[in-house]
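1. Structure, please.
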Amino acid sequence: MSAEPITKPDYAHADIGIVCSLPMEIADFMGRCEKPHKYSGGSFVFRGGRYDNIRVAVVECGVGYARARRATEALIDAHSPAWLLSVGFSGALLKHMQVGNIVMGNEIVDTHGQKLAIDLHASSDEARGLFVGTLVTADEIVRTVAAKTSLHETLGGIAVDMESLAVAQVAREHKTKFMAVRAISDDMSNDLPPEVLSVLGGSGAVRVGAAIGALWKRPSSMKDMLKLREHAQKAAKNLADFLDGVVHQLHAAIPKSS
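-> Residues are numbered from 1 along each chain as shown. Next comes the predicted model:
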């Protein structure tokens, strides 16, 4: 009687691929994964693990459209996920949105006229903090309430980030299923502090020198930065909680090979 062939675990393939810009966006979620690992590829950081036996691969792309495109291509090449998710923080474009609310995109647009519809069978449940609608991908951080109001009025967006359209376009080019899931990290109550533009580097890392310089020029900016960190922590926690259900549902829908 011949022995059964030994099947080696597939460490390269992922069920769910996630593209985020900042490590803090995905830290809570990755903390719930089993056997998490980290490696570098090119200029990007990759993380992987098993979430209730669901294979998850994450790439941290840094800030902006161009980096998000390259990182998404790299993630597909390395892990061929069945689903691609653009995950992270976003800025509210609706006055009644609160920090920690979840946003799912059924359409993504940018300020250059590009538009991509997303096949999303979900509806808003604002009482529970879930908003479904148009995401805007901007070229830079949208810092002021006035600029956010303008994006909502001209493009119909409900939230803004800097990467989702790039990830969605690459997913479509590769015929990979896509979803955008974002958590509100800054609402419409106040402008973001001006220092956020210089402190956050293009790779998504905090520029220590710029942060020190900001404190030297405006010592009160420390209070603003601590508030931003508090908002980010709440957004990351809510995002991880929401992703728990999303990842399980998407995995259950993936056709299983016989």
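2. where along the stretch 151-258 of the chain do the helices fall?
-> Using DSSP state H, counting those that start in this stretch, the helices of the stretch 151-258 of the chain run over 164-173, 196-199, 208-217, 221-253.
3. so what's Leu192 closest to, chain neighbours aside?
-> What sits nearest to Leu192 in space, not counting adjacent residues and going by CB to CB, 6 or more residues apart in numbering, is Arg143, at 4.3 Å. Bear in mind the C-beta positions are built from the backbone N, C-alpha and C, glycine included.
4. how much space is there between the one you found and Ser164?
-> From Arg143 over to Ser164 the distance is 18 Å, taken as CB to CB, to the nearest Å.
5. The two: which is more packed in?
-> Neighbours per residue (other CB atoms under 10 Å) separate Arg143 from Ser164, with Ser164 holding more: 33 against 16.
6. between the helices of the stretch 151-258 of the chain, which one is nearest to Ala12?
-> The closest of those to Ala12 is helix 221-253. By CB to CB, the value is 17.3 Å.
7. Report the buried residues of that closest one.
-> By neighbour count with 16 or more other CB atoms under 10 Å, helix 221-253 contains the buried residues 221, 224-225, 228, 231-232, 234-236, 238-240, 242-243, 246-247, 250-251.
8. helices or strands up against it?
-> Judged by 3 or more CB pairs under 8 Å, 6 or more residues apart in numbering; DSSP states H and E, helix 221-253 is in contact with strand 16-20, helix 23-30, strand 54-60, strand 83-92, strand 102-110, strand 177-186, helix 208-217.
9. Flag every buried residue along the second one.
-> Taking 16+ other CB under 10 Å as the basis for neighbour counts, the residues of helix 23-30 that come out buried are 23-30.
10. helices or strands next to that helix in the packing?
-> Against helix 23-30 (3+ CB pairs under 8 Å, 6+ apart) you get strand 44-51, strand 54-60, strand 83-92, helix 221-253.
11. Tell me the strands beside the first one, with direction?
-> Using DSSP bridges, the strands paired with strand 44-51 are strand 34-41 (antiparallel), strand 54-60 (antiparallel).
12. got a markdown table for those strands, with mean neighbour count too?
-> Converted to a markdown table, the strands paired with strand 44-51 look like this (neighbours: other CB atoms under 10 Å):
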| stretch | mean neighbour count |
| --- | --- |
| strand 34-41 | 11 |
| strand 54-60 | 25 |
